[in-house]
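Asker: Coordinates for the following, if possible.
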Amino acid sequence: MSGAVGSSGSVWIGDREVGPGRPVYVIGEIGINHNGDVDIARRLINIAADAGCQAVKFQKRTPEICVPPEQQNKMRETPWGEMTYLEYKHRVEFGVEEYRQIAKYAADRGIDWFASPWDVPSVEFLENFDVVTHKVASASITDKELLRALAATGKPIILSTGMSTLEEIDEAVEILGAGKLVILHATSTYP
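Answerer: This next block holds a predicted model:
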């Protein structure tokens, strides 16, 4: 059923129908809070599964694309000592082997997993894992190349709009289509 359009404007994500009159689809945000450590990722998956979440969400980036050239060699203080921003971004990115472990572990725990891809190669990477959906970070809503790549997957898309204007949202919906789209609005001002 994954990606099918349900009744009354609902969307199927994996084996769950999301939409009006349906139970809430609760997603545990992991992002890059695993610090590049699969054991931490497993613990976060456990916490989300034990709390009753239906899914966990990661972030996937190609650091050379997502880190602006002028930032790549800037030194940063990190949990592993001082390193360039590009080195740091590589440190917190999972590759194929780590995501294989995550996919298996999430399946064993009975919880969906997916990610917010931040660039086109990351969409292609995630598609190799047949994720149940893709999430567009509100910061990526104007990246038309990324949106077109996501639309081409045919998967349901979760679109965050917290940093966006109505015009930007309209343009994104035009590219993504409304049939398999879940739109979220949240504040982009965090405490």
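
Asker: Next, Val182: secondary structure please.
Answerer: The three-state label for Val182, taken from DSSP: H, G, I helix; E, B strand; the rest coil, comes out as strand.

Asker: can you start the count at 38 instead of 1 from here on
Answerer: Renumbered: residue one is now 38, and that last one reads Val219.

Asker: which stretches of this protein form helices?
Answerer: Using DSSP state H, the helices found in the chain span residues 75-87, 100-103, 106-109, 122-128, 133-146, 157-164, 181-189, 203-213.

Asker: which one of the ones you listed lies closest to Pro57?
Answerer: Nearest of the helices of the chain to Pro57, taken as Cβ to Cβ: helix 203-213 at 17.7 Å. Every C-beta, even on glycine, is put in place using the N, C-alpha and C of the backbone.

Asker: got the CA positions of the closest one in PDB?
Answerer: Output of helix 203-213 as PDB, limited to C-alpha atoms (Å, rounded to 0.1, in the frame of the first residue of the first chain):
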ATOM      1  CA  LEU A 203       2.600  30.800   0.800                       C
ATOM      2  CA  GLU A 204       4.100  31.300  -2.700                       C
ATOM      3  CA  GLU A 205       7.000  28.900  -1.900                       C
ATOM      4  CA  ILE A 206       4.500  26.300  -0.600                       C
ATOM      5  CA  ASP A 207       2.400  26.700  -3.800                       C
ATOM      6  CA  GLU A 208       5.400  26.200  -6.000                       C
ATOM      7  CA  ALA A 209       6.500  23.100  -4.000                       C
ATOM      8  CA  VAL A 210       3.100  21.600  -4.200                       C
ATOM      9  CA  GLU A 211       3.000  22.200  -8.000                       C
ATOM     10  CA  ILE A 212       6.200  20.300  -8.400                       C
ATOM     11  CA  LEU A 213       5.400  17.500  -5.900                       C
END
